[in-house]
Structure formats: structure tokens, C-alpha cells
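Asks: could you work out the structure for the sequence below:
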Amino acid sequence: MKSRNAQKMKLLTTAIVTLMGLLTSCALGSKSPAPSEEGDGLAEEPRYFSDVTLVGYWHRSPHIWDAARFAPHVSWKAPDGKEQWLFEGFLFLEGSDWMHDRTFVLGPGKSATQTEWQYQLDLWLGPEGCISELEKACSSVASRIGNPPSRRGVIISIPDAIMFESFSDKQSPTVYWGDGLDFAQVEDRLTALYWYIDSARKMFAELAPQYLELSGFYITSEEIYLPWDIDVNCKYKNWDIIVPALSEHCHARGQGLYWIPYHMGPGYKYWKKLGIDQTWMQPNWYWDHKVQGEPHPFAKTIAAINEYDMGMELEFEYSCVAAQMGPGVMGPDGFGKLTFTAADVQPLQNRVRHYMKEYKDAGLYGVGSIALYSGSNAFTQLATSHDAADRALYDELCEFIIGNRFR
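Replies: Residues are numbered from 1 along each chain as shown. Predicted coordinates for the structure are as follows:
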């Protein structure tokens, strides 16, 4: 095992190389071919997706993802009765462990320990976990329309390795995660992150799914502050060292590294030089409804997507589902304030359509990539709704996603 000094020297070298590269222009990455349908379900090289859907929020209700809930994401039965495979990739995302009151991301609250990291892996990758349920949903579709063109990709989110047990309290312990690791040391944080990635790979291989592959891992933080950014906490995050090291670890094992920053989130200009394989920008425009001045203009989002070769996140949640927005039900705005009512359903559905229009008008359709964020369950709610407008929006979204496949 290498000494700690040797590890520090390697990390310092990685950081210097990365920082030099970040100041140069980004070269375009190549698209990875579809993975083999044979083997243990672990990808052999990073994969480039035309579309992924975000699966997450176990801490919200309902928190169980079963085969029935996955079904509208796995395939689409068009109004004419023809059924087709839908999303190529499934991004499993979580920000907190609601059972143990611990957080996986930088922010308020106590930081998750190894116990919570393992608990989350078990929820996803255990024998009765939701990835097994996704496999069941895929098997059901395959029995009706045949195998998918390629295995459906699975991307697992990586918790932030947070230096302090309470990040807002810089006097709180840095030795809290487990295994005696001191998160004041970057190399100890990386040791924990490597353990998580390797544990996920092992658990996925033990599931031996027929229709899924583990394509890679996702950086949960929606911002990557770098040393020149104005951020007083940057020195406690060390993203300039951690992200390239994660990329190297993933790539050495055939896995990709993925990321979705919030609207103009720090680091979005440098994602390629950090070693990330594919990135989608959040417009965050859906929640500007009723906000004076609309702080997230779509033109700015599209300009960034074009300049930095990113995909786009298509965003909405239950507030645009008529069947969910009954009397007294309210949906959150961009600040988490319960603002939207049933009267806002139609304007919000039109906002979802505006995402698709802006994407097409920008010339991205058929050449760009889409990541679908639908809150904790809105895509399935649209698909299973008895409201005609809800179902019509679901059909439009599915047609848009399938039509966007790289040509």
C-alpha cells in the first residue's frame, strides 16, 4: 500500500495538471459505442446517452420504486397502440437519508457516514432493491416487444465526501465517517469514495441483470467550485483534486462520470477538463412561473449548452399534473415555497412544452442529449392519469424523447 506522502504527491500532481488543463480550451469528446449485451453487466467504456431519466428521492413519498412505477419510463405505448423502448439511461439520485437524518450533499444537517452510504447502496442494489425492480420492468417489456437495442444504462450517484460532520460548523469532527478515516485529509475522502464506487460495482455484478448495465457514476453536487471561484468554502471541498481522481478511478474500471449542474452552476465551463464524460445543464425555468423577471432566461441556457457542448435537463414535477393538483394541494416554486395551485397546471404544462420548443429551435433535436427530471414521481403520474391533458403531455414527452435519438 502506498504511503500517505506518496498519495499526497500523486494528488498534488493531479491537481496541477488539472488546473493547467482547465485554462485551455476543451476538446470535443467522442461518443462511446453501445455496450455489449454479454458479460457481467459492468460497462467496458464510458457511454454517451441520448436520454436519461432521473430516479430518486427515496426520502419523499412514495419512496419505493417498483416495477409498476418504472414501467412508463421503460417503454411507451403510443396512441396507435405501438409500444417502444423509452429511456436509454436511468440515473439513481439521492440527496439525503431520511431514515437516519443524514445528508449526502454539502449543506445544513449532519453529514452521512459509511452506514448511510451502505444503506443507500442496499436500497438500490440489494436483492430486493429498486434496480432489481427496474430489471423486472425491462423483462416485462422484452417479453412483449423483444430485447432493447442495448442494455439500459444505470448511473449511480456518489455522495459528497464532506470534510466536517456538520459542514456549517467548521469545529465539528472530521473523523466521523468510519474506518478511522479523517476527512480533513483529501486522500481519506478519496478512499471512502473509491470504496463506494467499488462496492456498487460488486453489488451490481452480483445481481447479474440481463437487461441493465452499470454505465457509471454521478456527481451529486450541482456545483463544482474551483480555486479561482469566489467561494469562502472552496478550500474545504477540494473539487479540483477530487473530481479528476474520481474520473481516473471510474475510467480505469470502464465506467463513465456524469454531472448535472444547476443553471450556470460553478464549474460548468470546465466539465470536460475535470474528466467528466457527459453533462446536462438545468434551465431551472419551469419554476420561474409567477416570478417577476424570470431569473433563468432560456436564451442564456441555450447559449451555454451550445458553447460548452452540454445536454439539457427537461424539468417539471407534480405541480403540472392535473390529477395531483386537487383542492388544497399546492406545489413549490424555485425557492421551495408552496405557490402553485390547480389554476397553474395548464401554464406549467405549457412551460414543459416550451422546453421542447426551445430545444428544437436551437437546432439541438436529434444531435443533443436530454436528462428528464420529473421530481419524485411526476412522469409516472402523467402516464397513469385519467386526465386527458395529463396523458397527452406524457405522449408528447415520449415522442420527443424517442425522436431525439442521435441520427
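Asks: what is the burial count for the closest residue to Pro332 other than its chain neighbours?
Replies: Nearest non-adjacent residue to Pro332, counting by Cβ to Cβ, 6 or more residues apart in numbering: Leu338, 5.7 Å away. To be clear about C-beta, it is placed using only N, CA and C from the backbone, and glycine gets the same treatment. Leu338: 11 surrounding residues under other Cβ atoms under 10 Å.
Asks: now do the same contact list for Leu338.
Replies: Counting by Cβ atoms under 8 Å, 6 or more residues apart in numbering, Leu338 makes contact with 330-332.
Asks: same check, this time on Pro332
Replies: Contact analysis of Pro332 by Cβ under 8 Å, 6+ apart lists 287, 317, 319, 338-340.
Asks: what are the buried residues along the longest helix anywhere in the chain?
Replies: Using DSSP state H, we find that the single longest helix of the chain is helix 186-207. Of the residues in helix 186-207, 186-193, 195-197, 200-201, 203-204, 207 count as buried by neighbour count, 16 or more other Cβ atoms under 10 Å.
Asks: do the same with stretch 288-295
Replies: Under the neighbour-count criterion of 16+ other Cβ under 10 Å, stretch 288-295 has 288-289 buried.
Asks: can you show me the strands along the stretch 201-350 of the chain?
Replies: For the stretch 201-350 of the chain, strands defined by DSSP state E, counting those that start in this stretch occupy the ranges 212-219, 256-259, 278-281, 311-315, 331-332, 338-340.
Asks: the fifth one pairs with which strands?
Replies: Translated: strand 331-332. strand 338-340 (antiparallel) (DSSP bridges).
Asks: chain center to the partner strand: distance?
Replies: Offset of strand 338-340 from its chain centre (Cα atoms, centre = their mean, to the nearest Å): 25 Å.
Asks: next one: stretch 393-407
Replies: How far stretch 393-407 lies from its chain's middle: 19 Å, per Cα atoms, centre = their mean.
Asks: just the buried residues of it, please?
Replies: For stretch 393-407, a neighbour-count test (16+ other Cβ under 10 Å) marks 393-395, 397-398, 400-402, 404 as buried.
Asks: check stretch 339-348 too.
Replies: For stretch 339-348, by 16+ other Cβ under 10 Å, it's 339-340, 342, 344-345, 348.
Asks: which SSE is the residue nearest the centre of the chain in?
Replies: Nearest to the mean C-alpha position of the chain, by Cα atoms, centre = their mean, lies Leu91 at 4.9 Å. Assigned by DSSP states H and E, Leu91 belongs to strand 89-93.
Asks: which outside residues touch the very next helix or strand once past that strand?
Replies: With elements assigned by DSSP H and E, the helix or strand that comes after strand 89-93 is strand 96-97. The contact list for strand 96-97 (Cβ under 8 Å, 6+ apart) reads 59, 102-105, 109, 112, 116, 119-120.
Asks: quick check: the nearest residue to Pro283 once chain neighbours are set aside vs Lys269, distance?
Replies: Once flanking residues are discounted, Pro283 sits nearest to Thr301: 4.3 Å by Cβ to Cβ, 6+ apart. For Thr301, the distance to Lys269 equals 14 Å [Cβ to Cβ, to the nearest Å].
Asks: with neighbour numbers in mind, choose between the two.
Replies: With neighbours defined as other Cβ under 10 Å, Thr301 and Lys269 compare such that Thr301 has more, 24 against 16.
Asks: out of the contacts of strand 96-97, which comes closest to Val291?
Replies: Set against Val291, the nearest of these by Cβ to Cβ is Val105 (24.2 Å).
Asks: surely the closest one is within a helix?
Replies: No - under DSSP: H, G, I helix; E, B strand; the rest coil, Val105 falls outside any helix and is assigned coil.
Asks: that one - how many residues pack around it?
Replies: When neighbours are counted by other Cβ under 10 Å, Val105 registers 18.
Asks: mind listing what it touches?
Replies: 95-96, 159-160, 220-221.
Asks: which one in the residues you listed is the model shakiest on?
Replies: Among the contacts of Val105, Ser96 carries the lowest pLDDT, at 74.
Asks: for this structure, name the helix or strand with the lowest mean pLDDT.
Replies: None of the helices or strands of the chain scores lower by mean pLDDT, DSSP states H and E than helix 4-22, at a mean of 47.
Asks: the following helix or strand past that one: how far from the chain's middle?
Replies: Counting by DSSP H and E, the element after helix 4-22 in chain order, helix or strand, is strand 51-56. In terms of Cα atoms, centre = their mean, the centre of strand 51-56 is found 6 Å from the chain centre.
Asks: tilt between strand 51-56 and strand 89-93?
Replies: Relative orientation of strand 51-56 versus strand 89-93 (axes from the mean of the first three to the mean of the last three Cα atoms, to 10 degrees): 30 degrees.
Asks: so what strands line up beside strand 51-56?
Replies: In the sheet, strand 51-56 lines up against strand 89-93 (parallel), strand 370-373 (parallel) (DSSP bridges).
Asks: buried residues in the following helix or strand past that strand?
Replies: Next helix or strand after strand 51-56 toward the C-terminus (DSSP H and E): helix 67-74. Within helix 67-74, the residues scored as buried using 16+ other Cβ under 10 Å are 67, 69-74.
Asks: going along the chain, name the helices of the stretch 151-300 of the chain.
Replies: All helices of the stretch 151-300 of the chain, identified by DSSP state H, counting those that start in this stretch, fall at 186-207, 239-252, 298-308.
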